[in-house]
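# give me a model of this one.
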Amino acid sequence: MKKIIYTDKAPAPIGPYNQAVLVGNTLYTSGQIALDPATMELVLDDIETETKQVMENMKAVLAAANMTFENVIKTTIFIMNMGDFARINTVYGSYFDEATAPARETVQVACLPKNVNIEISMIAVK
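Coordinates of the predicted model:
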């Protein structure tokens, strides 16, 4: 049985999808971009600020499912420019304990929604 997860502390979906779906003990999140949930405006000052907003949005979605980054077992990071990887990785890494960090792949793509520079999705288990 699936349970839809929603919080107003993360951006509302802008299409036919949900912020996350919980199936049993496993949470599947939709990709988050750097939308400020209060204004639904993009936060694109620089790649560090953009990544931080994405991670804060993800933190809110995890919290809505009574989880934290400690529950995350897999992440997927889509970026526009692999040259930004080190800067993204520094911000991303600050949200995890390196010893228990999740599995991850990072993929450079041609375009992302709203022409952002980064999108991240996660899978977490309670």
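# can you name the element that comes right after the longest helix anywhere in the chain?
With DSSP state H setting the assignment, residue counts place helix 47-64 as the longest helix in the chain. Tracing the chain C-terminally past helix 47-64 and defining elements by DSSP states H and E, one meets strand 72-79 next.
# partner strands of that following strand, parallel or antiparallel?
Using DSSP bridges, the strands paired with strand 72-79 in its sheet are strand 103-108 (parallel), strand 118-125 (antiparallel).
# other SSEs contacting the first helix or strand past it going along the chain?
If you walk from strand 72-79 toward the C-terminus, the next helix or strand you reach (DSSP H and E) is helix 85-93. Contact analysis of helix 85-93 by 3 or more Cβ pairs under 8 Å, 6 or more residues apart in numbering; DSSP states H and E lists helix 47-64, strand 72-79 as its packing neighbours. Where you see a C-beta, it was placed from the backbone N, CA and C, and this is true even at glycine.
# got the buried residues for helix 85-93?
Of all the residues in helix 85-93, those buried under the rule 16 or more other Cβ atoms under 10 Å are 88, 91-92.
# no more questions from me, cheers.
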